[in-house]
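**Student:** below: sequence and its predicted model.
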Amino acid sequence: MKYLLMIYGNQEKWSTIPAEDWPAEIAKQDAYNKKYTATGELIGGYGLADAGAAKLVERRDGAPVVSDGPYLETKEYMASFYLVDVESEQRAYELAAELPWADQNPTEVWPILHDSATDV
């Protein structure tokens, strides 16, 4: 079964990490990605830009309309997400707990209820 693992963050949190620590933190993440890609459980992991770079898109008269946003009511925003394909819900929890920052930042685990084929 597939699960979405979501990590939230904010610019204040990222700014507390000294610049010299970033290479080691990225290396930890790369090691996690390689480990679980090799087992076939990690489909993909994606780090997102700061919320200030996000846009809102809606359709008006059949055309896309793009505006600044999102306008968050909270300082936390989705910082990264992972798509995993595991044998059980318990295994999804285990992978979430092994994320490099799991001791400092909780991860939301969402079951994927519908999987739309993209190779049609």
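**Tutor:** Thanks, I have it.

**Student:** what does stretch 6-23 rub up against?
**Tutor:** 25, 50, 75-81, 99, 101, 105, 107-108, 110 (Cβ atoms under 8 Å, 6 or more residues apart in numbering). To be clear about C-beta, it is placed using only N, CA and C from the backbone, and glycine gets the same treatment.

**Student:** just the mean pLDDT for it, thanks.
**Tutor:** For stretch 6-23, the mean pLDDT works out to 86.

**Student:** which parts of it are buried?
**Tutor:** Going by neighbour count (16 or more other Cβ atoms under 10 Å), the buried part of stretch 6-23 is 6, 7, 8, 9.

**Student:** just give the strands next to the host helix or strand of the third one in its sheet, each with its orientation.
**Tutor:** Meaning residue 8. Under the criterion of DSSP states H and E, residue 8 resides in strand 2-9. Within its sheet, strand 2-9 is paired with strand 77-85 (antiparallel), strand 107-111 (antiparallel), according to DSSP bridges.
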